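A.B. asks: let me see the structure of the following:
(one chain, ligands or ions: 1)
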Amino acid sequence: MYDILLKNATIITLNPAREILADHSLAIKDGKIAEILPAAELQEADAREVIAGEGRYVFPGLINTHNHLFQSLIKGLGDDNVLSDWLVKAMFPSAANLTAEDAYYGAMVGSLDGLHSGTTTVLDYMHANPEPGVADGVVKAFGKLGIRGILARGYMDNGFEYGTPRELAEKTEDIEKDCQRLFSAYHNQQQGRIKVWIAPGAVWLSTKDSLLMSKRLAEEYNSKIAVHISETPFDREATEKLHGSSDIDVLEELEILGPDVLMVHCVYLTDRDIRMARYFNAGVSHNPVSNMYLSSGVAPIPEMVSNGLNVGLATDGAASNNTNNMLEVMKITALLHKVDKLDPTVITAEKVLEMATIDAAKALGMADEIGSLEKGKKADLFLFNPQKTATATPLHNPVSTLVYSSSPQNVETVVVDGEIVIKDNELLKADEKNVLKKAQKIAEDLSERAGTKYLRNREWRSLSY
Ligand SMILES: [Zn+2]
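C.D. replies: Numbering: from 1, shown residues only. Model (predicted):
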């Protein structure tokens, strides 16, 4: 007896042969994909729950390789500002006033937004730890919603002369203690659905001691490191001034650079950096919407891909996106690189889907478990129904429609770790209306405490030339 039988759908597998299987059924047992077979062969199979797949397309769950979920509470407050103003006006005061309850509701509303766009795995780079227990709020939300979650415990302990806010910095030994506590409490918990990583804020935001501590902890707990790399020219400059060489060189000198490192943004990598990252097989997280929103620049993604780097996609925090919608990220990834190179052939819908699924899984070191629909892998997937919207109809090619013509309304059913989390567009794990209502209230209260209320009631700003 199977747990779930998805009957008679078209399955976009993302397997090594990139097969698209029409009239197939997919059976799920104990959280894993038990079979993918022609529909006729599973016609009589027994299952506790049968989902009709006619007219639907089954995709591997999307993987969001970088988020700051608490920022879902401050979306829109920092609009149309340069990065330094965005940080000082909106981000830092909100982060400094964050409570564990805020972090929980931020992660609830952000993860929900992600789930509705087909996201089944999210890495939360939790860089705001103004009081103990805030990171725990994120894990609690992962548990409640049933999403696959990586809590990357962020920190900063350096770079004060370059603007690191004192109220958000921590002592290296305190960071280590809290990371050890989080690893022991949550790493590989909930059937392995929850993972804990460590996340230095940026190379210049970290002392060499804390970078080495991160490496030691990642090794000790069989975990990984996520770190913002060369998002802006300022990042490179600050790192060079503080550590004597550029981001990737520092990581290499400290023997940190390797497959257990996820490098986030990488907008200003040089050709040499790209070759080094490939040599050491480090993963990359690409955040095009955030890079556009903050005008950081265009990351050299076609160059990274052609050099063989594993590049995954991400939303970044909703304070610089301003959603957690991975469908949008896929479309914008394609459009950004086409216009940047003035060449529509430089990136394809198929490549973008790979970057949101199997390539992201490789970048996270999780390709054995997730990123494609294959027998034995975790059952993380969503059913796409084009007939729910005029936007997605007519469908000629499912990959094209998903990347260029889709919306969350088409993401009808979402399964994570073999459990149905969203069915017929309805969240099963919590009362969505209540979550949204509460998130609105929590966000308003945080704005009050953080002194950002004036940003909510901002004046009308038309451009004047
Ligand atoms: Zn970030």
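
A.B. asks: quick one, helices of the stretch 351-465 of the chain?
C.D. replies: Remark: helices assigned in the stretch 351-465 of the chain by DSSP state H, counting those that start in this stretch are 358-363, 398-404, 432-450, 453-456.

A.B. asks: now do Lys341 against His127, distance only.
C.D. replies: 32 Å (Cβ to Cβ, to the nearest Å). For the C-beta atoms, the positions are set from N, CA and C on the backbone; glycine is no exception.

A.B. asks: neighbour count: those two, which is higher?
C.D. replies: Taking other Cβ atoms under 10 Å, Lys341 and His127 do not tie; His127 has more neighbours (24 against 16).

A.B. asks: in three-state terms, how would the closest residue to the more buried one other than its chain neighbours be classified?
C.D. replies: In this structure, His127 finds its nearest non-sequential neighbour in Gly154, 3.2 Å apart by Cβ to Cβ, 6 or more residues apart in numbering. When classified by DSSP: H, G, I helix; E, B strand; the rest coil, Gly154 comes out as strand.

A.B. asks: who touches Gly154 in this structure?
C.D. replies: Taking Cβ atoms under 8 Å, 6 or more residues apart in numbering, we find Gly154 in contact with Tyr125, Met126, His127, Ala128, Asn129, Ala199, Pro200, Gly201.

A.B. asks: the fourth one is in contact with Ala95, isn't it?
C.D. replies: Okay, so that is Ala128. Yes. Contact criterion Cβ atoms under 8 Å: Ala128 and Ala95 qualify, at 3.6 Å.

A.B. asks: mind listing the shared neighbours of these two?
C.D. replies: Applying Cβ under 8 Å, 6+ apart, one finds that Ala128 and Ala95 are jointly contacted by Phe70, Leu168.

A.B. asks: next, format the contacts of Gly154 as TSV and append distance to Lys144.
C.D. replies: As requested, these are exported to TSV (distance: Cβ to Cβ, whole Å):
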residue	distance to Lys144
Tyr125	20
Met126	16
His127	22
Ala128	20
Asn129	21
Ala199	22
Pro200	28
Gly201	27
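
A.B. asks: same list (the helices of the stretch 351-465 of the chain) but as CSV, adding mean neighbour count, distance to Ile63 and mean pLDDT.
C.D. replies: Shown next, in CSV, are the helices of the stretch 351-465 of the chain (neighbours: other Cβ atoms under 10 Å; distance: least, Cβ to Cβ, whole Å; pLDDT from 0 to 100):
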stretch, mean neighbour count, distance to Ile63, mean pLDDT
helix 358-363, 27, 4, 98
helix 398-404, 21, 14, 98
helix 432-450, 16, 22, 98
helix 453-456, 14, 32, 94
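
A.B. asks: kindly reformat the ones you listed as CSV containing distance to Glu54.
C.D. replies: CSV is the format used below for the helices of the stretch 351-465 of the chain (distance: least, Cβ to Cβ, whole Å):
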stretch, distance to Glu54
helix 358-363, 26
helix 398-404, 14
helix 432-450, 27
helix 453-456, 46
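
A.B. asks: mind giving me the domain ranges of the chain?
C.D. replies: Domain ranges of the chain: 2-60+371-427, 71-363, per automatic domain parsing.

A.B. asks: so which of the ones you listed comes closest to Ala439?
C.D. replies: For Ala439, the closest of the domains of the chain is domain 71-363, at 4.0 Å, according to Cβ to Cβ.

A.B. asks: how far does the closest one sit from its chain's centre?
C.D. replies: Put simply, domain 71-363 sits 8 Å off its chain's centre (Cα atoms, centre = their mean, to the nearest Å).

A.B. asks: what's the end-to-end length of that domain?
C.D. replies: One end of domain 71-363 sits 24 Å from the other (Cα to Cα, to the nearest Å).

A.B. asks: same deal with stretch 266-277?
C.D. replies: Stretch 266-277: ends 10 Å apart by Cα to Cα.

A.B. asks: check contacts around the residue minimising distance to the centre of the chain.
C.D. replies: By Cα atoms, centre = their mean, the mean C-alpha position of the chain lies nearest to Asn64, the distance being 2.4 Å. Going by Cβ under 8 Å, 6+ apart, Asn64 touches Gly114, Thr119, Thr121, Val122, Leu123, Leu313, Ala314, Thr315, Asn324, Met326, Val329.

A.B. asks: can you rerun that using 7 Å?
C.D. replies: Residues in contact with Asn64, defined by Cβ atoms under 7 Å, 6 or more residues apart in numbering, are Gly114, Thr119, Thr121, Val122, Leu123, Ala314, Thr315, Met326.
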